[in-house]
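Peer 1: My questions are about this predicted structure, shown below with the sequence.
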Amino acid sequence: MTLLFGVCIIFILRKVASWHFEKTMDRWSYINTHAGATGAEVAECLIQRNNIQATRVHITEGVKTGAYSRYGKTILLSKDIYDGRSVAAIAIAAHEVGHSECDRDNGMIMYARFCLVPFGIILSKSVPILLVMYFFISGIIYFLVAAILAVMCLQLMSVWIEHDASRRALKMLKEARKYNASEIRAIKKTLNAALMTYIVNVFNLKIV
């Protein structure tokens, strides 16, 4: 009964965090910044200003999304972010540049997560199996707890990486002096809404 209650709470928190993120993105996707630069232009500008060498910016599939490939040293932005001039577009573009800068300064941390993700996926998929086995083999509880803790640690690593990228993004945007205080606050709200989805995901035990 306690386990079922916990699963329900996690499910509700995930839905709330996802709803809050989508609502925040929708709100700031229709409000352009005074600077008028696109997400791609902002990314290129921040890359040059902060001397992040060999990083390229390209369009990728999807909507309201961005990613950083550490092996290709490439920032991937969906077309609406790449060409967008909204607060949300700037927030996502700057966030991915934050990942690029983090890779330059703390590459081992990102490399460690990259190497651990395959093991984390295996462990996360084994948790339901171990949970069922626990009802028949009580001694399996130690393996179950170990698998859960390992997955949670990897998720916490992801939270730190995402938080660090957002922190770097805000710092770079403030130093650029192209955005007013209200725009910076809006960008911060957008980044925090995205981070909340990662925090809630710590208890989801599913590596994404």
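Peer 2: That came through fine.
Peer 1: list the buried ones in stretch 78-97?
Peer 2: Across stretch 78-97, burial judged by 16 or more other C-beta atoms under 10 Å covers 78, 80-82, 84-97. Yep, even glycine has a C-beta here, placed from its N, CA and C like the rest.
Peer 1: Now, those residues that are in strands?
Peer 2: residue 78 (DSSP state E).
Peer 1: Can you pull the poorly scored residue ranges out of this protein?
Peer 2: Low-confidence segments of the chain, defined by pLDDT under 70: 1-7, 10, 205-208.
Peer 1: tell me the SS of the residue of it most remote from its centre?
Peer 2: What lies farthest from the middle of the chain is residue 136; by C-alpha atoms, centre = their mean that is 38.0 Å. Secondary structure state of residue 136, per DSSP: H, G, I helix; E, B strand; the rest coil, is coil.
Peer 1: any idea how far residue 122 is from the spatially most central residue of the chain?
Peer 2: What sits nearest the mean C-alpha location of the chain, by C-alpha atoms, centre = their mean, is residue 162, with 4.8 Å. Relative to residue 122, residue 162 is positioned 22 Å away (C-beta to C-beta, to the nearest Å).
Peer 1: Over to residue 200?
Peer 2: 22 Å.
Peer 1: Please say which of those two ends up with more neighbours.
Peer 2: Using other C-beta atoms under 10 Å as the criterion, residue 200 and residue 122 rank with residue 200 on top: 20 against 12.
Peer 1: and the helix or strand that one falls within, what other elements does it pack with?
Peer 2: Element membership for residue 200, per DSSP states H and E: helix 181-201. Helices and strands touching helix 181-201, by 3 or more C-beta pairs under 8 Å, 6 or more residues apart in numbering; DSSP states H and E, are helix 2-28, helix 87-105, helix 141-176.
Peer 1: so which of those helices is the most packed in?
Peer 2: Of all the helices and strands packed on helix 181-201, helix 87-105 carries the top mean neighbour count, a mean of 26, counting by mean count of other C-beta atoms under 10 Å.
Peer 1: Pull the distance from it to the chain's centre.
Peer 2: What separates the centre of helix 87-105 from the centre of its chain is 10 Å, taken as C-alpha atoms, centre = their mean, to the nearest Å.
Peer 1: Next, the angle from that helix to helix 2-28.
Peer 2: Per axes from the mean of the first three to the mean of the last three C-alpha atoms, to 10 degrees, the angle that helix 87-105 makes with helix 2-28 is 110 degrees.
Peer 1: coming back round to it: just the CA trace of the helix holding residue 200, in PDB.
Peer 2: What follows is helix 181-201 as a C-alpha-only set of coordinates in PDB (Å, rounded to 0.1, in the frame of the first residue of the first chain):
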ATOM      1  CA  ALA A 181      16.100  42.800 -15.800                       C
ATOM      2  CA  SER A 182      12.600  41.600 -16.600                       C
ATOM      3  CA  GLU A 183      13.800  39.500 -19.600                       C
ATOM      4  CA  ILE A 184      16.500  37.900 -17.400                       C
ATOM      5  CA  ARG A 185      13.900  37.000 -14.800                       C
ATOM      6  CA  ALA A 186      11.700  35.500 -17.500                       C
ATOM      7  CA  ILE A 187      14.600  33.500 -18.800                       C
ATOM      8  CA  LYS A 188      15.400  32.300 -15.300                       C
ATOM      9  CA  LYS A 189      11.800  31.200 -14.800                       C
ATOM     10  CA  THR A 190      12.000  29.200 -18.000                       C
ATOM     11  CA  LEU A 191      15.200  27.500 -17.100                       C
ATOM     12  CA  ASN A 192      14.000  26.700 -13.500                       C
ATOM     13  CA  ALA A 193      10.800  25.100 -14.900                       C
ATOM     14  CA  ALA A 194      12.900  22.900 -17.100                       C
ATOM     15  CA  LEU A 195      15.200  22.000 -14.200                       C
ATOM     16  CA  MET A 196      12.200  21.000 -12.100                       C
ATOM     17  CA  THR A 197      11.400  18.200 -14.500                       C
ATOM     18  CA  TYR A 198      14.900  16.800 -13.900                       C
ATOM     19  CA  ILE A 199      14.600  17.000 -10.200                       C
ATOM     20  CA  VAL A 200      11.200  15.200 -10.200                       C
ATOM     21  CA  ASN A 201      12.700  12.600 -12.500                       C
END
